[in-house]
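Colleague: What follows is a predicted protein model with its sequence.
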Amino acid sequence: MTILQIVALASLMAGAMAGILFWLIARKPVGVEIKQLGDLLQRETLRFFGKEQLIILCVGLVLVAVFYRALSARSALALLGGASLSALIGWISIQTVTRTNVRTAHAADRFGSSRALNVAFLGSSVMGLCIASLGLLAIVILL
């Protein structure tokens, strides 16, 4: 097995683990009122994220054209790939953070800080694993 295959496998395993942890977070119960508040928070955050990404897309396309003309098509593709992965991480972050924050607040209110810390740690683990997984995947693709 080559080092590139090992890195690709590590990327897939980190992504799978992040998915499992996200599923564990989503399964944690919350009250009806807190769930409604969390849904509102998530909806509004995604709306802002969409507007933000539209602006970033416009600037990014100009930069891709500049990279293509000034450097190479490979550089432009690397920029486009990195920006796409960054946008994906942003979307995953919103999905994870809004769910985690609502469940952390619920756990702190009902069960205390120890349980809340456990929920918050799971959410942070999802983010760390996603970033590492997609970073490794980008390296495998570029090499």
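Modeller: That came through, no problem. Numbers count the residues shown, from 1 in each chain.
Colleague: end to end, how far does stretch 69-78 reach?
Modeller: Here the two ends of stretch 69-78 are set 14 Å apart, with distance taken as C-alpha to C-alpha, to the nearest Å.
Colleague: List the buried residues for that stretch?
Modeller: Neighbour-count burial for stretch 69-78 flags 76, 78 (criterion: 16 or more other C-beta atoms under 10 Å). (Glycine included, C-beta is placed from N, CA and C.)
Colleague: likewise stretch 105-120?
Modeller: Counting neighbours by 16+ other C-beta under 10 Å, the buried set in stretch 105-120 is 105-108, 115-116, 119-120.
Colleague: now stretch 7-23
Modeller: Buried residues in stretch 7-23, counted by 16+ other C-beta under 10 Å: 8, 11, 14-15, 17-18, 21-22.
Colleague: could you give me the average pLDDT of that stretch?
Modeller: Averaging pLDDT along stretch 7-23 yields 90.
Colleague: Nearest to L143 among the buried residues of stretch 105-120?
Modeller: A120 (35.2 Å; C-beta to C-beta).
Colleague: Counting by contacts, list what whatever helix or strand that closest one lives in packs against.
Modeller: The secondary structure element spanning A120 is helix 113-142 (assigned by DSSP states H and E). Applying 3 or more C-beta pairs under 8 Å, 6 or more residues apart in numbering; DSSP states H and E, one finds that helix 113-142 contacts helix 3-27, helix 73-111.
Colleague: distance of V126 from V7?
Modeller: In this view, V126 and V7 are 21 Å apart by C-beta to C-beta, to the nearest Å.
Colleague: now do R27
Modeller: 31 Å.
Colleague: Much appreciated, bye for now.
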